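*Asks:* predicted structure and sequence below. I'll ask about it afterward.
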Amino acid sequence: MLIFEICAVTSVCPESKGVSGKYIMKNYMKKKIWLSLAHMSGEEQKYIQEAFDTNWVVPLGPNVTAFEKSLEEFIDRDKRVVALVSGTAAIHLGLLQLGVGAGDEVLCQTFTFTASANPICYVGAKPVFVGSEYATWNMDPGLLEQAIADRIKVTGRKPKAIIPVHLYGMPANMEAIMAIADRYEIPVLEDAAEALGSSFDGQRCGTFGEFACLSFNGNKIITTSGGGALVCSTDEQARKTLFYATQARDEAPHYQHSEIGYNYRLSNISAGIGRGQMTVLQSHINRRREINNLYRKLLAGFTGITFQTEPDARYFSNHWLTCIQIHPEEAGFTREDLRLKMDAENIETRPLWKPMHLQPVFAAAPYYGNGVAGKLFENGLCLPSSPVLSNEDVERVAEVIRSMYN
């Protein structure tokens, strides 16, 4: 794609070099490389058309049921999956079923997207943020236990739930986290929004806790354009989730409501996209891992660059996004230097998530950390990782990084 930008020569146009009354044309010859575009299988249209042909253009129907079943078969046949409008809605309904309410505290990983924490506030509870371990970039088990012990001392009662996050597809240390959760008898709600297909010690992410959320946003491993799901441990939990997600309508011939409900059910049309996406889920995982390996190969030997890396053989990441850290004292440039250079080259990158304890909206929330999350945010960058990227695209991104050393 050829893009032209015409800028009038004025004092604010640096390209003018003082030549008055003329125009400068900037020619961007290089195509845009996006961070994480969706990739269609070709099957999606068939299921969408089926919904129209059968008039199932509503938030239930054959596509929804089939999509949920295919997710259960992929993740764990003993789990129950309820498709919803977003991963955020899934966390909200999970917290409700864990009995979290006004005045309660919920332990949440600080290094994450705000959607992990916002639902805590939806139910009137208070987030308590826990810092990261460097090995996975996820919730530090030692800090988690410290936070639990201290909250019991400060408030006289233990937190009501724990929300670890499998960030960028990297599994958290679920063996240690679950051991602590079991010892204190605190339920776990996994945020597996970025980790569909990732696993820890052979077990799929999203199957360790009492509940887990998935996301099918447009940039995720698979997409329904927008959408998510709650992974439940029992049939009763799935039934209750569906009840809450469809306005909590009681069984009656008329519309009767004894509880507050929500309009959270995924539509049959969106679920049709999801059914088509399930046919390429494994190939998407494989391609993102290939892209991660290619970046590592192309950048091998360059000092001051480190990758988010599986700590040992127990960890299997889908590498939803390939993420690096730039260590300025070794590399000679900063994360922000590189991000701006990428932008100038028409390549989309993104800083790592800004930790929740550094967000203005959560400034008053308790935080138990060690500085790792803040350092990761300061130095970290997400690289283009979409399965639609060609090897040449990846090489172009890597070449921009290599050019920084010149």
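*Replies:* That came in fine, so what should we check first? Computed from a prediction, not measured in an experiment: that's the story for all the values here. Residues are numbered from 1 along each chain as shown.

*Asks:* remind me, longest helix of the protein?
*Replies:* helix 281-298 (DSSP state H).

*Asks:* now that one: buried residues?
*Replies:* 281, 284-285, 287-289, 291-292, 294-295, 298 (16 or more other Cβ atoms under 10 Å). All C-beta spots, glycine's among them, are computed from the backbone N, C-alpha and C.

*Asks:* after it comes which helix or strand?
*Replies:* strand 305-307 (DSSP states H and E).

*Asks:* parallel or antiparallel, list what pairs with that following strand.
*Replies:* strand 322-326 (antiparallel) (DSSP bridges).

*Asks:* report the angle between the strand it pairs with and helix 281-298.
*Replies:* Taking axes from the mean of the first three to the mean of the last three Cα atoms, to 10 degrees, one finds strand 322-326 and helix 281-298 inclined to each other by 30 degrees.

*Asks:* for strand 322-326, the averaged confidence score.
*Replies:* The average pLDDT for strand 322-326 rounds to 98.

*Asks:* from the chain's centre, how far out does stretch 145-158 sit?
*Replies:* 28 Å (Cα atoms, centre = their mean, to the nearest Å).

*Asks:* check stretch 38-54 too.
*Replies:* With Cα atoms, centre = their mean, you get 25 Å for stretch 38-54.

*Asks:* now do the end-to-end distance for it.
*Replies:* End-to-end span of stretch 38-54 (Cα to Cα, to the nearest Å): 27 Å.

*Asks:* list the buried residues for it?
*Replies:* Buried, per 16+ other Cβ under 10 Å, within stretch 38-54: 38-39, 41, 43-44, 47-48, 50-51.

*Asks:* just give the nearest non-adjacent residue to the spatially most central residue of the chain, would you?
*Replies:* Nearest residue to the geometric centre of the chain (Cα atoms, centre = their mean): Glu194, 3.6 Å. Excluding its sequence neighbours, the residue lying closest to Glu194 (Cβ to Cβ, 6 or more residues apart in numbering) is Trp320, at 4.8 Å.

*Asks:* give me the distance between the one you found and Gly61.
*Replies:* Trp320 is 29 Å from Gly61, where distance means Cβ to Cβ, to the nearest Å.

*Asks:* neighbour count: these two, which is higher?
*Replies:* Higher neighbour count among Trp320 and Gly61: Trp320, with 27 against 20, using other Cβ atoms under 10 Å.

*Asks:* contact partners for Glu210?
*Replies:* Glu210 is in contact with 94, 98, 187-189, 233, 237, counting by Cβ atoms under 8 Å, 6 or more residues apart in numbering.

*Asks:* mind listing which of the residues you listed are in helices?
*Replies:* 94, 237.

*Asks:* what's the most distant pair in the contacts of Glu210?
*Replies:* Longest distance between any two of those is 13.8 Å, between Val188 and Gln237; criterion Cβ to Cβ.

*Asks:* re earlier: please save the CA atoms from the longest helix of the chain in CSV.
*Replies:* What follows is helix 281-298, C-alpha atoms only, in CSV (Å, rounded to 0.1, in the frame of the first residue of the first chain):
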residue,chain,number,x,y,z
LEU,A,281,-6.7,-22.9,16.5
GLN,A,282,-3.8,-25.4,16.6
SER,A,283,-2.3,-23.9,13.5
HIS,A,284,-2.5,-20.4,15.0
ILE,A,285,-0.7,-21.7,18.1
ASN,A,286,2.0,-23.4,16.0
ARG,A,287,2.5,-20.3,13.8
ARG,A,288,2.9,-18.0,16.8
ARG,A,289,5.4,-20.3,18.3
GLU,A,290,7.3,-20.4,14.9
ILE,A,291,7.3,-16.6,14.8
ASN,A,292,8.7,-16.5,18.4
ASN,A,293,11.5,-19.0,17.4
LEU,A,294,12.3,-17.0,14.3
TYR,A,295,12.7,-13.7,16.2
ARG,A,296,15.0,-15.5,18.6
LYS,A,297,17.1,-16.8,15.7
LEU,A,298,17.3,-13.5,14.0
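
*Asks:* what's the end-to-end length of stretch 262-275?
*Replies:* So stretch 262-275: terminal residues 24 Å apart, Cα to Cα.

*Asks:* next, the buried residues of it.
*Replies:* Quick answer for stretch 262-275 (16+ other Cβ under 10 Å): 262, 264-275.

*Asks:* can you list the residues you listed in CSV and add distance to Thr306 and secondary structure?
*Replies:* Shown next, in CSV, are these (distance: Cβ to Cβ, whole Å; DSSP: H, G, I helix; E, B strand; the rest coil):
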residue, distance to Thr306, secondary structure
Tyr262, 42, coil
Tyr264, 39, coil
Arg265, 42, strand
Leu266, 38, coil
Ser267, 42, coil
Asn268, 45, helix
Ile269, 43, helix
Ser270, 38, helix
Ala271, 39, helix
Gly272, 41, helix
Ile273, 36, helix
Gly274, 35, helix
Arg275, 39, helix
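
*Asks:* for the closest residue to Ser258 other than its chain neighbours, which residues are in contact?
*Replies:* Counting by Cβ to Cβ, 6+ apart, Ser258 lies nearest to Asp250, which is 5.5 Å off, once chain neighbours are set aside. Asp250 makes contact with 256-258, according to Cβ under 8 Å, 6+ apart.

*Asks:* one more: Gly374?
*Replies:* 355, 358.

*Asks:* for it, helix, strand, or coil?
*Replies:* What DSSP: H, G, I helix; E, B strand; the rest coil gives for Gly374 is helix.

*Asks:* next one: it from Phe111, what distance?
*Replies:* 9 Å.

*Asks:* next: Asn391.
*Replies:* Asn391 is 31 Å from Phe111, by Cβ to Cβ.

*Asks:* what's the burial count for the closest residue to Arg289 other than its chain neighbours?
*Replies:* Of all residues not flanking Arg289 in the chain, His319 sits nearest, at 5.1 Å (Cβ to Cβ, 6+ apart). The number of residues packed around His319, counting by other Cβ under 10 Å, is 26.

*Asks:* tell me the pLDDT at Met25?
*Replies:* Reported pLDDT for Met25: 36.

*Asks:* brain fart, Met1
*Replies:* pLDDT, Met1: 39.

*Asks:* OK, contacts around Phe113?
*Replies:* Phe113 touches 193, 353, counting by Cβ under 8 Å, 6+ apart.

*Asks:* mind redoing it with 10 Å?
*Replies:* 87-88, 165, 167, 191, 193-194, 215, 353-354, 356 (Cβ atoms under 10 Å, 6 or more residues apart in numbering).
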